[in-house]
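A.B. asks: Turn this into a structure:
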Amino acid sequence: MKQPPSTIAVASGKGGVGKTWFAISLAHALAQTGARVLLFDADLGLANVDIQLGLMPARDLGGILAGKCDLLSACERHSGGFSILAGRSGSGDLATLGPSGWASVLRVLADAGRHFDRIVIDLGAGIDPFVRQVSAAVDQLLVVVTEEPTSLTDAYAVLKLHHQERAVSHQIAGIVINQARSRLAGERIYATLSRACTQFLRETPPLAGVIRRDDKVRDAIRRQCLLAIRHPNTQAVDDVAAIAEVIVRGLPSTA
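C.D. replies: The predicted structure follows:
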């Protein structure tokens, strides 16, 4: 039986597509399955998981890298049933890390694997070298895309580089369509992107799921709450839960 991924990175070609919100919501949905889940904020330039959840963590990833605390003391337990390792929001310190610093972050990630069943990693938007390094090393990469043309073209750039650089040959990135007008509209967006990948990369990334547009998402973010807690009976909550089920079962290794 195929082992479900333990490290799941969430990426996007551009900002503003709901990447961090999805990473938070996925961590919450995975925690509901009974797994020990860590949400790892690895957006070194614009870490904001803590801001979206209204947290003021005493310790963060920067403290671990500076030797001021260890992993478990830096992790904060959320009432949603998962733990959070915050980045360093409002500071450019981690954005200036070089290759040796990136290696240290990867060591922290490896250490986390000894304590948690699932680690959801919120990466920075774009294709900088650190994002590419983590994307190549994890068990599963999910790329968040919307219907905007720039989101599609930038997502294709992420997929192309991942295709070239991934460390695990069978690990094909999955696609998450966010803010879709309907499930059918989301599937059409996916079809556009997958055709380009099939034609030019000679592989078709699987669809992890479609998240339908829901105005209550904006309200939950504004209130710094988990959507499934503030508005549990919404289609976006159902859609993220369905994606979590797909992740637990395991996306196909080839498509």
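A.B. asks: where's residue 250 relative to residue 219, distance?
C.D. replies: Taking CB to CB, to the nearest Å as the measure, residue 250 and residue 219 are separated by 33 Å. Every C-beta, even on glycine, is put in place using the N, C-alpha and C of the backbone.
A.B. asks: hang on, I meant residue 247
C.D. replies: For residue 247, the distance to residue 219 equals 26 Å [CB to CB].
A.B. asks: neighbour-wise, which of the two wins?
C.D. replies: Neighbour count, other CB atoms under 10 Å: between residue 247 and residue 219, residue 247 has more, with 24 against 13.
A.B. asks: Surely the more buried one touches residue 8?
C.D. replies: Yes. If you go by CB atoms under 8 Å, residue 247 and residue 8 touch, sitting 6.4 Å apart.
A.B. asks: List the residues that are in contact with both of those two.
C.D. replies: Listed as contacting both residue 247 and residue 8 by CB atoms under 8 Å, 6 or more residues apart in numbering are 26, 140.
A.B. asks: where exactly do the strands run in the stretch 151-255 of the chain?
C.D. replies: With DSSP state E, counting those that start in this stretch, the ranges of strands along the stretch 151-255 of the chain come out as 174-180, 207-212.
A.B. asks: residues contacting residue 86?
C.D. replies: Contacts of residue 86 (CB under 8 Å, 6+ apart): 41, 47, 49-50, 55, 57, 59-61, 74, 76.
A.B. asks: rerun at 6 Å
C.D. replies: 41, 50, 57, 60 (CB atoms under 6 Å, 6 or more residues apart in numbering).
A.B. asks: Can you identify each of the helices in this protein by residue range?
C.D. replies: 19-31, 49-52, 61-65, 71-74, 99-112, 129-137, 149-165, 183-201, 215-222, 227-230, 235-249 (DSSP state H).
A.B. asks: from memory residue 14 sits against residue 154, does it?
C.D. replies: Yes. Using CB atoms under 6 Å, residue 14 is in contact with residue 154, at 4.5 Å.
A.B. asks: hang on, the earlier thing: need the winner for burial among the helices of the chain.
C.D. replies: helix 19-31 (a mean of 26; mean count of other CB atoms under 10 Å).
A.B. asks: packing partners for that one?
C.D. replies: Using 3 or more CB pairs under 6 Å, 6 or more residues apart in numbering; DSSP states H and E as the contact test, the elements touching helix 19-31 are strand 37-42, strand 118-123, helix 235-249.
A.B. asks: I'd like to know which of the ones you listed lies nearest to residue 22.
C.D. replies: When these are compared by CB to CB, helix 235-249 sits nearest residue 22, at 7.1 Å.
A.B. asks: what does that closest one rub up against?
C.D. replies: Contacts for helix 235-249 (CB under 6 Å, 6+ apart): 4, 25, 29-30, 208-209, 211-212, 214, 217, 227-228.
A.B. asks: Repeat that for stretch 37-46.
C.D. replies: For stretch 37-46, the surrounding residues in contact (CB under 6 Å, 6+ apart) are 27, 30-31, 47, 49, 82-87, 94-95, 112, 116, 118-124.
A.B. asks: Output stretch 23-40 as PDB - backbone C-alpha positions only.
C.D. replies: What follows is stretch 23-40, C-alpha atoms only, in PDB (Å, rounded to 0.1, in the frame of the first residue of the first chain):
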ATOM      1  CA  ALA A  23      -2.100  25.700   4.000                       C
ATOM      2  CA  ILE A  24      -3.800  26.700   7.300                       C
ATOM      3  CA  SER A  25      -7.100  25.100   6.300                       C
ATOM      4  CA  LEU A  26      -5.400  21.900   5.000                       C
ATOM      5  CA  ALA A  27      -3.500  21.600   8.300                       C
ATOM      6  CA  HIS A  28      -6.800  21.900  10.200                       C
ATOM      7  CA  ALA A  29      -8.500  19.300   7.900                       C
ATOM      8  CA  LEU A  30      -5.700  16.800   8.300                       C
ATOM      9  CA  ALA A  31      -5.700  17.300  12.100                       C
ATOM     10  CA  GLN A  32      -9.400  16.300  12.000                       C
ATOM     11  CA  THR A  33      -8.300  12.800  10.700                       C
ATOM     12  CA  GLY A  34      -6.500  12.200  14.000                       C
ATOM     13  CA  ALA A  35      -3.000  12.900  12.700                       C
ATOM     14  CA  ARG A  36      -0.400  14.900  14.600                       C
ATOM     15  CA  VAL A  37       0.000  17.900  12.300                       C
ATOM     16  CA  LEU A  38       2.500  20.700  12.200                       C
ATOM     17  CA  LEU A  39       1.900  23.800  10.100                       C
ATOM     18  CA  PHE A  40       5.400  25.000   9.200                       C
END
